[in-house]
Structures are given as C-alpha cells and as structure tokens.
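[1] sequence and predicted model, in that order:
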Amino acid sequence: MLRLYKSSAIDFLFRLSRRQKRQLQMLADAALLAFSFCMAMVLRLDGWSFYYKNTDWIFLLTTIPLSLCIFIRLGFYRAVVRYMTHRMIEPLMLGVMTSALCLALISYLFHLSVPRSVPFIYAMIAILTIGGVRFILRALYMSLHLQSKPRVLLYGAGSAGRQLAASLEHGQDYLPVAFLDDSPTLQGTYMQGIKVYSPCDIKKVIELHEAEKILLAMPSQSHARRREILIKLETLDIPVQTIPGVADLVSGKAKINEILDVAVEDLLGRDATAPSGSLMCSKISGKVVMVTGAGGSIGSELCRQIIRQQPSQLLLLEVSEFGLYSIEQDLKQVSSSEGLNVPIKALLGSVQKGATIESMMRSFNVQTVYHAAAYKHVPIVEHNIIEGVSNNIIGTLQTAKAAINANVETFVLVSTDKAVRPTNVMGATKRMAELVCQALADTQTTTTFSMVRFGNVLGSSGSVVPLFRQQIKDGGPVTITHPDITRYFMTIPEAAQLVIQAGAMAKGGDVFVLDMGEPVKIADLAKHLIRLSGLDVAEASSTNSRNRSGEIALVYTGLRPGEKLYEELLIGDNVEPTNHPRIMTAQEVYWPWPQLERLLCELTDACTAGNAETIRKILLQAPLTYQPQCGIVDLVWQKLNGTEHDTTQYPAPKIIGRALQELKEPLAVH
C-alpha cells in the first residue's frame, strides 16, 4: 500500500505541466535556501538566538529572490529531474556559491550580525539540500517506474556497452541490470553503476537479476568473434538481440539504442575484406556507367557503390516504374548526405528492346555496363518459362549487342551459382547468358565482356531470412523445403563490391567466381534464429502441427520444381586465383558465336511462338549441362495441355526419364 501511495505521488508530480513543475521547484528552492540559512546560523551560534533579531531576516527578502534569479539565469529550471546526471552539479554549485556571495555582501552592506563563516556553511547545506532533493526524486522515479521495464544483460562493457546502458536507463524499453565481458580486468568492477560479470557465470547472472533478454553490445568485433559468442548464448533459454554495427553508428545511419535482431552475417561468421580502391574506381571514376536492373537487390547496391566512385554520369535502367523511382530517390539521398555531385538519369525500359537500349547507350556515350537485370526466383521462372528465357537470355543478347554497337568499353554480367550444372530454367538461362557473353567476347575487340558468378545474397528479394523471422514472430511453423538443402551466402554490399572489382580485372570473356566461404544448411540457419529468439525447436511433419508454448516447429515441405539440394560455383576444376583473395577465374567450355547464334535464333522463335516444349529441347541441346528434375511446369503450358496437377508435384522418375529422352532428340538447325 505504501509503495502504491509513493508511486501515485511521484506520478502526480511528474505529470504536472512544465510551468507547474518550475513553479514548484522555485517554491521548494526558496524554502530550502531559508532552511539552509537557519541551519547554518544554528550550527555556528549553537542555538536559535538569531531568530529574535529582525534585521537578520533581511536575508530572506533580498538573498532568496536574487538567488532564484541566478538559478533561472543558469538554466537550473530547464533541466528535467528524471534525466538529471552528474553534469547538473556544476550549475548547482555555481548558483549556490553565487547565492552565498550575495549573503556575505548583503550582510556587509546592511551591517547584519551574520558571522563570516555562515555563508560557507550555508553554501554546503544548500548544495546538499537543493541537489539532494532532486536526486532523491530521480531515484524514487527510477526505483518505482523503471523496475517494470524488461531486465536485460549487456554483453560487452566497452564504450558501446556503456553508451547503451546510459541510453537504456533513460528510455522506456529496457532496464540494464548487469554487464558481461570477457576481459578479466573489467570483471567485478562497476560501469554506470552496473556490475560486470564473467560470461562463464551467465546462467547464475540471469537467475540473480531475473534477466529477460541479452543485448550484444560489441559492434566493433568481427563477425567470426560474434558468431562464437552467439553459438554459446544460443543454448540459453533467453532471447538475444544486438545493436547496429560500428559502420552504421559512425555514418549516422543508426543510433546506439536501436535494438536489432541478430544479423545473419554474425551467424555465418564471415567478415568482408576491404575493397581495393584502385579496382573499385578503375572502370567507374570519370566514366558514364549504366546499371541494368537498377531497382533490384544487387542492381540497387551496385548503384550505391558506383556513385561513391564518382562516375561522370550514372544511368539507371529498370523495367519497374516503382523500382526505378525508389532507387533514384535513394541515390539522391546518398548523394546529398555524402556530398557527391554525380548526375543520375532514371531510364525506364526493358533489356529485351535492343534498339532502345542501343539508343540510350549512344545518346549518353556509355562506357561501362553492369548487367544485373534478370528474373532470379527459381519457382517463378520455372512457372513462367517464356518470360524467364526472354528476359534472361534474349535480354542479355540484346543488351550485349547494343553495347558492342554503341562502343561500350566494359560489359559485366552478374551471374549466379545456379548456372553451374543447372536443374532449373533460371539456372539454365543464366548459363546461356554467360555463353552469349563468352561467344561475343571472341567476335570483336571493342567491348570487354566478363561474368561474375556467386551464390545467394542476404536480404535480397525472396531471401529466406526475412521469411524465417516473420514465421518465428507469428509463432511458427518455419517452413523449409528439405532438411539437407544447403546454400552459399554473402552480404549484398560485399557481393556488389566484388562484382565491381572483378569487372575491373577482366581481359575479355572471363568467368569470375567469388569465394563464398563455407556452405550453410538452411535448416541449421533456421534453428539458430529460433533459439536466439529464446524459443525451442520442435520437429513437425505438417504445417498444421501444433506445438507447446515456447516451441517453433520446423516443417519440411519438399523441394520445389527445379530446386537443387546443393549449389556449385564451378563447372570444372580449371580455376585460377587472381590478385584479389576472394575472386577466382574459371576456364570453361563454350560455343563459338556462329554455332551459338543459330541456337539463339531457334530460341527466339520458340519464345515468340510461346512453345515451352521447344524451349526445353533447345536448352537441353545447348552446352549447359542442363538436367531438369521435373516435367514442364510452365503455368500456361500446363493449362493448354491439361497437366495442371504437375504444378506442385514431381512426375515419377520413370516418366521424367522418358520425357528427357524424347526432348534430347536432335533439333533441326536452320
């Protein structure tokens, strides 16, 4: 009951308007100054004899109003009590010392019988009373109201951890109760009034302080080190979150008190290498650069990296109006915030229109092209074969020819690991796009062609990570196609930087392969995310399975059409290192242009006719090592042929075998 009464009284005080609070503080300070004077006189005279001398009370009529004016001038009443820190002591001492000086001056001028030592005693008592009342109110507020906030442990007692603790104490989200730090010199000490413990005692610390969450406050540590810590924390039944990285904090993109979910980069433990300045600017600085597919995940990041290298102009080519608008606005903001002065041209158009693309390149005298425009979502391309082939193959052909005709110096194709021994249409189209660039590289010397092949990027459109986070937030289940499915991962910024650097090393027809590190099992990634959310993993056999509270089910839905269990980056073993530690070059077989051109003509006719079956035959005849794992699942083709039931189910192996044998019959080449 007493606690409730105190809480209500404190609430009443802190709910008053700013004007009412200031008036109340001034009345309280006047009373405290009078009290301080009385106590100073009592202590000095050992009694209350001064009480009966009316002349001594001239102090109250002159010194107190003057002191309050001084406090106002010093901004004493602009400070918010609940957010007061030790910095308030300086103006407090200055104000009180000035008040004591006024007391001594008034005593001298009016010949008051005030001992000379009283102003000093008065000043000490006033500092204790006026400052003490405010800090007591602040402490009461903290104890009565901040205890209801979720209690968190801060892993890392360095500068970032201390700043985070100070920020959280004044915020409304979390209450820091303890630090964890690996440094023996810090363990047992107090930071911001909070004790630092060893990570070895983490279970005891969680129980002792009733912590509900752990915040990782180590933005400057490497991804590898953070991964080690996260793997240890994962075994605890408590959610783990983190703060933004040091780069975002320094650039001002994020604040220290922004609490984020654990970054997948930390779980992968992969640290990006610093880009080479000479390679980054080689084909960009002072040149007119075009990026196709500029609104996509890779294309937009390429634009952000390119604009920082000061091209003379940056052309954004995008078929999506919204995507083009978004990346243009984003780049303008980057240019403004970083003081860049690069002209940006937003061009709306499709890479399949060769004449239009050539006109654009000629008009702006384009010198470097990064061709990122492609349909990359495996199931969607599998269900829309005509458009997938038209955009990924014919679009690349038209753009590459336009580049040659417009005398473009450098053409870099953004490829994918799914182009290696493809089992889906998307991978087959990207490998065919590589063949186009390799063949055209041999037919002329005007344009230097190269291809850069890499795996999945984190945070791209269609990435599994945002899907997993949403499914965990919704209480599950987390859906995975297969328990053994494995993928390579890389961050979008690192991928874009490596694409630019690889393109700068091209000599003509090069196939560059990026070092993606170790492959990751998608199921393991999902389990990490679940456990770091403070939940347990439960296996389930169907999406309708229900689990106990605090459990998230993993549901395996089966491989989708064209999906592989494992991705590869190399077709053969002919790989050589380059000057960059994470860029390799591969020597791979391709067809000469006259032979490939005939096949491309067949493919163009088949796309125009909308014949998915002929398209598959052509892809099987090309040197792609294409091995489809299912029948044709193009939605329009299925509707016309009455095979809609095949959309989600693979045909039986024998049926697939017979179908492939029929499709591999030689095509007539015109």
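    Sure, I can see it. Residues are numbered from 1 along each chain as shown.
[2] state the pLDDT value of V196.
    Looking at V196, its pLDDT stands at 90.
[3] thought it was touching D182?
    No. Under the criterion of Cβ atoms under 8 Å, V196 makes no contact with D182, lying 10.4 Å away. To be clear about C-beta, it is placed using only N, CA and C from the backbone, and glycine gets the same treatment.
[4] the more surrounded of those two?
    Each of V196 and D182 has its neighbours counted (other Cβ atoms under 10 Å); V196 has more, 20 against 15.
[5] M97: which element?
    helix 89-109 (DSSP states H and E).
[6] could you measure from V378 over to I385?
    V378 sits 12 Å away from I385 when distances are taken as Cβ to Cβ, to the nearest Å.
[7] please disregard the earlier target; I meant E494.
    32 Å.
[8] same question, G296
    Distance, G296 to I385, by Cβ to Cβ: 20 Å.
[9] the more surrounded of these two?
    In this view G296 and I385 are compared by other Cβ under 10 Å, and I385 has more residues nearby, 28 against 23.
[10] how about the more buried one, what does it touch?
    For I385, the contact set (Cβ atoms under 8 Å, 6 or more residues apart in numbering) comprises V425, A612, I615, R616, I632, D634, W637.
[11] show me the contact partners of stretch 154-164.
    By Cβ under 8 Å, 6+ apart, the residues outside stretch 154-164 that reach it are 165, 176, 178-181, 183, 186, 191-192, 194, 196, 199, 214-221, 229, 233, 243, 246, 249, 256-257.
[12] do that again at 7 Å, thanks
    For stretch 154-164, contacts defined as Cβ atoms under 7 Å, 6 or more residues apart in numbering pick out 165, 176, 179-181, 186, 191-192, 196, 214-219, 229, 243, 256-257.
[13] which among these end up buried?
    Buried members of the contacts of stretch 154-164, counted by 16 or more other Cβ atoms under 10 Å: 165, 176, 179-181, 186, 191-192, 196, 214-219, 229, 243, 256-257.
[14] now do the contacts for the residue nearest to the spatial centre of the chain.
    The residue lying closest to the centre of the chain (Cα atoms, centre = their mean) is A263, at 7.1 Å. Taking Cβ under 7 Å, 6+ apart, we find A263 in contact with T242.
[15] how about it, phi and psi?
    In terms of degrees, to the nearest 10, the main-chain angles of A263 are phi -70, psi 140.
[16] what's the pLDDT at it?
    72.
[17] just L112 next, same as before
    pLDDT for L112: 69.
[18] cool, and I259?
    72.
[19] run a quick neighbour tally on it.
    Residues near I259, counting by other Cβ under 10 Å, number 16.
[20] report the separation between the residue nearest to the centre of the chain and P219.
    Look at A263 and P219: by Cβ to Cβ, they are 11 Å apart.
[21] hey, what's in contact with both of the two?
    Common neighbours of A263 and P219 (Cβ under 7 Å, 6+ apart) do not exist.
[22] low pLDDT regions in the stretch 551-670 of the chain?
    For the stretch 551-670 of the chain, residues meeting the criterion pLDDT under 70 lie at 562, 567-573, 644-670.
[23] coming back round to it: of the buried ones among the contacts of stretch 154-164, which belong to strands?
    Taking DSSP state E, the ones among those that sit in strands are P176, F179, L180, M191, V196, I214, L215, L216.
[24] does the last one touch V240 like I think?
    If I follow you right, that is L216. Yes. Contact criterion Cβ atoms under 7 Å: L216 and V240 qualify, at 6.5 Å.
[25] now stretch 582-600 - C-alpha only, PDB.
    Output in PDB follows, covering the C-alpha atoms of stretch 582-600 (Å, rounded to 0.1, in the frame of the first residue of the first chain):
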ATOM      1  CA  ARG A 582      38.100 -13.700 -52.900                       C
ATOM      2  CA  ILE A 583      37.900 -13.600 -56.700                       C
ATOM      3  CA  MET A 584      38.900 -16.600 -58.800                       C
ATOM      4  CA  THR A 585      38.700 -17.000 -62.600                       C
ATOM      5  CA  ALA A 586      37.400 -20.200 -64.300                       C
ATOM      6  CA  GLN A 587      38.300 -21.600 -67.700                       C
ATOM      7  CA  GLU A 588      35.100 -23.100 -69.100                       C
ATOM      8  CA  VAL A 589      34.000 -24.600 -72.400                       C
ATOM      9  CA  TYR A 590      31.700 -22.500 -74.600                       C
ATOM     10  CA  TRP A 591      30.400 -22.500 -78.200                       C
ATOM     11  CA  PRO A 592      31.800 -20.100 -80.900                       C
ATOM     12  CA  TRP A 593      29.400 -17.400 -81.900                       C
ATOM     13  CA  PRO A 594      28.200 -18.800 -85.300                       C
ATOM     14  CA  GLN A 595      27.100 -22.100 -83.700                       C
ATOM     15  CA  LEU A 596      25.500 -20.300 -80.700                       C
ATOM     16  CA  GLU A 597      23.800 -17.800 -82.900                       C
ATOM     17  CA  ARG A 598      21.900 -20.400 -84.700                       C
ATOM     18  CA  LEU A 599      20.700 -21.900 -81.400                       C
ATOM     19  CA  LEU A 600      19.700 -18.400 -80.200                       C
END
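[26] thanks a lot, catch you later.
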